[in-house]
Each structure stands twice: as structure tokens, then as C-alpha cells.
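Asks: Got a sequence here, can you build the structure:
(one chain, ligands or ions: 1)
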Amino acid sequence: MDLKSTNASPVLADPAPINKSRLGIHSSLLPYSQSGSSFSTSILTRKKPAKLDDVQSNGWLDAMQSSSPPRKKALKDSNNIDIVSDEAEITYQSWLVRYPSALNSFQMLMDRARNRKLVMFLDYDGTLSPIVDDPDRAFMSSEMRSALNSVAKHFPTAIISGRSRDKVYELVGLTELYYAGSHGMDIMFPAKDMVSKNHVNCVKYTDSEGKEVNLFQPASEFLPVINEVFRKLDEIVRDIKGAKVENHKFCVSVHYRNVDENSWPVIAQFVHDILKDYPRLRLTHGRKVLEVRPKINWDKGKAVEFLLESLGFSSSDDVLPIYIGDDRTDEDAFKVLRERNRGYGILVSAVPKESNAFFSLRDTSEVQGFLESLVRMARDGGTMKERRPEPSGYYTD
Ligand SMILES: O=P(O)(O)OC[C@H]1O[C@H](O[C@H]2O[C@H](CO)[C@@H](O)[C@H](O)[C@H]2O)[C@H](O)[C@@H](O)[C@@H]1O
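Replies: Take a look at the predicted model:
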């Protein structure tokens, strides 16, 4: 591995005053509190947290309980045939007035895309693959992969996932896309695509085949601490049936989807106790998952802005970014598009919820339908400008 960066690391780790100019255009990347990462080993020797008060009072448990829509309870009619709850459907339909279906609004969306370059951003879990119990089995259907591949042939397309970049690439397996892992804290794209020169946080990376790529990892200094916390969390929740801990390079996921609800306070308190020793890390909530990540001012919204600028798509008049996602972490990206009045967020949800998105899609099959509509529109010589990117290629480090 040949790291050619001439710049200081982008991360935000020193207690010393930060020279904001070295952060280039992303001067918003600022450090939070500092601390050593000394870990109290006493936690590891405990089988149960000493108390569960913290997570009751800090709202973690409430957040965990509302972190993912409950599975649809099958209602049966007298012939034992599944029926949908009318009440739930009415609530959903009235929610659609505020977050119209992106499928039903497709023509309107395409009218807005007239003479503009469409740039597509997609989340992975719950958007391209249905939510399943085992995170290792969250596969895309071949139809979805084919639709996504076709979209990427017509429009610049990026996946921004909470998973590690390598993991999401392994699951998607398409080379024509851009990939951002760890909630946008790990972005790779070919060196030739870098338009802006301002990103001092980017390093040039040469892979074993001699190909040059840009690697943007604003939390790279956190790598050792994330590994350390991963090991501790893995060790501590090992005895909780159904719990699973994943190392996603710049963040750690603690899954409780398959854990008995009575044990949720225990798992939350363990994570809380460990994080007490790491004030430079923070916790966010995903769908039945606690996500531990660096306290830096970086999220999926910042990743969208970074990619738009780096790839030369930051002119707001000429470009229409669309971001499709289902999770709380995707709200940062929806917010950026809404606040800049420059594109559209599409929330994937089968249940009503507040969002910064403009449109909605009910589930992954509607996402696929939307992608297929985009491809049809492009093939039929649709209204929007196309830019067929050169294959971006994918390189592992
Ligand atoms: O940003 P994303 O691509 O949506 O990643 C967010 C998390 O996705 C995965 O967990 C979620 O999907 C799993 C598979 O369907 C499901 O079992 C789990 O309950 C969901 O939270 C991934 O495993 C996490 O590490 C990501 O943080």
C-alpha cells in the first residue's frame, strides 16, 4: 500500500487548537472532547452491569423501543386469509399526503430533473436489501442488482452505508458505483474523478495493481480506538443470547434485533458503561442496532456534499441529487438536500414517520420499481441530462 498523502491527518484528535484552514473546505470537521482511551477492565469481568439507571434516564431505551417498525402482525379473516389492518392503511395513506410516493410522483420528479444531471445516492440496508434478522444475510435480489447496475450506467450513483466500505461492496458487487462506508467516514473513488483540489483530507492510494484512487477517511485516527472498543463490546455482550457486534472500521454496531426485549436494558447499559471511558466516541441509534462512532462532525449528509463537490456536481442549477434511505442516519442526507433546496430525499418506510425527506417509497420492491422507472426514462431519451460515468472501479485496501 502506497499512501501518497502529503497532508496532516484530517482528524481532529488533538486537544491543541485546531488550525481550521488545514481542514480545507470541510472546516466544519471539528473535534469534540478528548480523552485517553484507558479502559476499566472491571467492566469485562462483570456478567451484568452494576445498574441499569443510566440508559433508562438518558432515553436510550425509548430510542431502542422505537428504533424499527414492528413486524406487521398478520391479521386473518374468517377464512384464515391475511388481511391488512384498515386503520393502519388509512393512517399510512394520510401520511402519504405529506410524503408522496416517489413512484406516483415520478413524472413530476422527472420534470424537475429536466436538463439537469441526476446524481443518485442510496443507502444499503432496508433500501436495497430488505431488513432481515441476520446482518450477514442481508442480500440484494438479482433483480435489484440489475436495476442498480442499469441506473449506474446512466447516472453517477453512490452507496452510502453504515457498514464498512468493503462489506457493502462485497454485498453489492458492482464496479460502476461509488462506495462510502462507515456512515460516510470512508469514501473511495478513482483519482481521475477528483475535481475539487480543496480536499486536503483526501489521500491518494495506489492499490496492488497500480491503480490510483482517492481515499477520504476523516476519522482515520480513530481506527485503533474503534478496534479496541469493538473487542470489548464483543467480549461483553457475548453471553447475551442473540446479541451481535460488528466492526465496520470507523464504527461498531451492536445488534439487539434477536435479543429478548427484557435484556435490552442490560445490553444498553453495557455499551453505556464502556463508552464512559471513551468520551471521544458517541452513540447513535439505527434499526435495532446501537452504533458507536467517532465524535466528529461528519455524517451521511456531509458525505453527500463531499461526493457532489469532489466529483464536480456541486453546481446546484445543473444537478439534481436524489437520496434514497430508510434509517435515522439517512435523515442527515435528507436534511442537506432539503435545506440547500437542491434535491430530493426519498424515505423508505412502510409506517408513517417524521422525516426530512420529500417523498417516500414503501419498501425495497418499490425502490426497485423506482430505479427501473429511472432506467426506462433514460433509455427512452427521457427529460434529464445523462452522464454515463466511466466505470469507477473498486479497489480494496
Ligand atoms: O446505513 P445502512 O446501509 O442502512 O446500514 C445500517 C446498519 O445496517 C445493518 O443493520 C441493519 O440491517 C440488518 C440486516 O437487514 C438488520 O439485521 C439490523 O437489525 C439492521 O440494523 C448493519 O448490520 C449495521 O451494521 C449497519 O449499521
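Asks: show me where the stretch 151-300 of the chain has helices.
Replies: With helices called from DSSP state H, counting those that start in this stretch, the stretch 151-300 of the chain shows them at 165-172, 223-237, 264-275, 300-310.
Asks: which one of those helices lies closest to the ligand?
Replies: helix 165-172 (6.5 Å; Cβ to the nearest ligand atom). Every residue, glycine included, has its C-beta placed from N, CA and C.
Asks: Contacts for the closest one next, please.
Replies: For helix 165-172, the surrounding residues in contact (Cβ atoms under 8 Å, 6 or more residues apart in numbering) are 124, 128-129, 138-140, 145, 148, 159, 161, 163, 179-182, 186-188, 248-249, 394, 396.
Asks: try 7 Å this time
Replies: 124, 138-140, 159, 161, 179-182, 186, 188, 248, 394, 396 (Cβ atoms under 7 Å, 6 or more residues apart in numbering).
Asks: show me what contacts residue 152?
Replies: 174, 176, 177.
Asks: check contacts around the residue most central in space within the chain.
Replies: Central residue of the chain (Cα atoms, centre = their mean): residue 161, 3.4 Å from the mean position. When contacts are counted by Cβ under 7 Å, 6+ apart, residue 161 touches 123, 124, 168, 181.
Asks: Any of those residues buried? List them.
Replies: 123, 124, 168, 181 (16 or more other Cβ atoms under 10 Å).
Asks: my read: residue 143 touches residue 368, true?
Replies: Yes. In this structure, residue 143 is within contact of residue 368 by Cβ atoms under 7 Å, at 6.2 Å.
Asks: ok, these two, which is more surrounded?
Replies: A count of neighbours by other Cβ atoms under 10 Å puts residue 368 above the other of residue 143 and residue 368, at 20 against 12.
Asks: now the contacts of residue 161 in TSV, with distance to residue 291?
Replies: TSV is the format used below for those (distance: Cβ to Cβ, whole Å):
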residue	distance to residue 291
123	14
124	14
168	15
181	13
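Asks: Tell me which of the residues you listed fall in strands.
Replies: residue 181 (DSSP state E).
Asks: Determine which two of the contacts of residue 161 are furthest apart.
Replies: 123 and 181 (11.8 Å; Cβ to Cβ).
Asks: quick one: residue 166 and residue 264, what's the gap?
Replies: As judged by Cβ to Cβ, to the nearest Å, residue 166 and residue 264 stand 30 Å apart.
Asks: Give me the more crowded residue out of these two.
Replies: Neighbour totals were compared for residue 166 and residue 264, and residue 264 leads with 21 against 17 (other Cβ under 10 Å).
Asks: I'd like the distance between the more buried one and residue 66.
Replies: 12 Å.
Asks: low pLDDT regions in the stretch 201-350 of the chain?
Replies: Applying pLDDT under 70 to the stretch 201-350 of the chain picks out residues 207-208, 316.
Asks: So which bits of it are right by the ligand?
Replies: By Cβ under 6 Å from any ligand atom, the part of the stretch 201-350 of the chain that sits against the ligand consists of 246, 248, 253, 255, 257, 286, 287, 288, 289, 291, 327, 329.
Asks: run the last query once more with 8 Å
Replies: Counting by Cβ under 8 Å from any ligand atom, the stretch 201-350 of the chain comes close to the ligand at 246, 248, 251, 253, 255, 257, 286-289, 291, 300, 325-327, 329-330.
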